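Enquirer: My questions concern the predicted model and sequence given below.
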Amino acid sequence: MNFKLPSEARLIYQASVAIFPLCLAVIPWGILCGSLAIQAGLSPIQAQAMSLFVFAGAAQLAGISLFGVMSPTLPILSSTFVIGSRHLLYSAVFQTDIMKLSWFKRMAFAFFLTDEMFAVSTSHIDKTRSFSYVYAMTAGVGFYLVWNLATLGGIIAGSSIDNIEELGLEFAIAATFIAIVIPSIKDRSTLFAVLVSGFSVLAFDMVGFEYSLIGATILGMITGFYTSNGEKNDA
């Protein structure tokens with residue numbers, strides 16, 4: 001008897017439950033993205049296509065904002081690259097497991113990999129001590145569908161509501177990342193890494209450092225590495 005289907009069905013259910021709160025949190029973010037795209041001068045089709053084919057969240061918002069002020073192409077590309085560079089770290093975490101898969105599955109995984117998918121997938125790995133492609137892709141595809149539906153809502157709203165950004169929807173960005181980070185703090189090294197990254201990015205922004213996100217990420221990684229080694233030595 002083949003038990004593969006029930007096992008996969010259970011993984012799909014578990015992933016759907018895990019990603020659901022983050023899907024709710026990202027709805028205002030998607031609405032903001034769609035509405036700002038319209039107000040920046042993109043057509044409804046272009047705005048929706050950005051979410052369908054780029055699917056980059058914060059990088060989309062940055063690109064839309066720069067496009068709206070008629071920024072040259074190079075600053076748009078460099079800004080979106082810097083914001084999206086954290087995915088290099090995400091992909092490194094899954095490298096060993098993903099390299100065993102077919103080229104098509106690897107490309108699909110790379111496309112759907114987001115902060116939210118990374119968070120729920122690594123949490124599942126911590127609990128089960130194993131990687132599940134079905135679990136990860138269920139979370140990724142589910143989040144993708146919600147993001148695009150929210151973008152569509154923003155496109156409709158952006159065509160009829162002026163200055164929608166004044167509604168404070170951008171708080172959803174911070175709320176989403178808080179919801180991702182807080183559950184992952186399970187030891188001292190992670191806590192220190194989060195604190196150093198948070199304070200560093202604020203300090204870098206205050207002094208006008210252009211690559212504050214990358215700088216804060218590197219400092220957080222270094223802090224986490226050394227405090228983790230310290231914990232191992234103490235043990």
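Expert: Right, received. Where do you want to start? Residues are numbered from 1 along each chain as shown.

Enquirer: buried set for the longest helix seen in the chain?
Expert: In terms of residue count, the longest helix belonging to the chain (DSSP state H) is helix 4-39. Within helix 4-39, the residues that count as buried by 16 or more other CB atoms under 10 Å are 11-12, 14-16, 18-19, 22-23, 25-39. (C-beta placed from N, C-alpha, C; glycine too.)

Enquirer: Which strands and helices lie in contact with that helix?
Expert: Contacts defined by 3 or more CB pairs under 8 Å, 6 or more residues apart in numbering; DSSP states H and E place helix 4-39 against helix 44-53, helix 58-68, helix 115-128, helix 133-158, helix 171-181.

Enquirer: Poorly predicted segments of this protein, please.
Expert: 1-6, 161-173, 230-235 (pLDDT under 70).

Enquirer: Grab the most central residue of it for me.
Expert: D115 (2.8 Å; CA atoms, centre = their mean).

Enquirer: and of the helices and strands packed on helix 4-39, who's closest to F109?
Expert: With respect to F109, and counting by CB to CB, the nearest of the helices and strands packed on helix 4-39 is helix 133-158 at 6.8 Å.

Enquirer: Identify all contacting residues around stretch 142-153.
Expert: 15-16, 19-20, 22-23, 26-31, 33-34, 37, 47-48, 50-52, 55, 57, 112, 114, 116-117 (CB atoms under 8 Å, 6 or more residues apart in numbering).

Enquirer: Measure how far it is from the centre of its chain, please.
Expert: 14 Å (CA atoms, centre = their mean, to the nearest Å).

Enquirer: same deal with stretch 145-161?
Expert: 19 Å.

Enquirer: list the buried ones in it?
Expert: V146, W147, N148, L149, A150, T151, L152, G153, G154, I155, A157, G158.

Enquirer: JSON lines please, covering those residues and showing distance to I64.
Expert: Shown next, in JSON lines, are the buried residues of stretch 145-161 (distance: CB to CB, whole Å):
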{"residue": "V146", "distance to I64": "19"}
{"residue": "W147", "distance to I64": "14"}
{"residue": "N148", "distance to I64": "15"}
{"residue": "L149", "distance to I64": "18"}
{"residue": "A150", "distance to I64": "14"}
{"residue": "T151", "distance to I64": "11"}
{"residue": "L152", "distance to I64": "15"}
{"residue": "G153", "distance to I64": "16"}
{"residue": "G154", "distance to I64": "11"}
{"residue": "I155", "distance to I64": "12"}
{"residue": "A157", "distance to I64": "15"}
{"residue": "G158", "distance to I64": "11"}
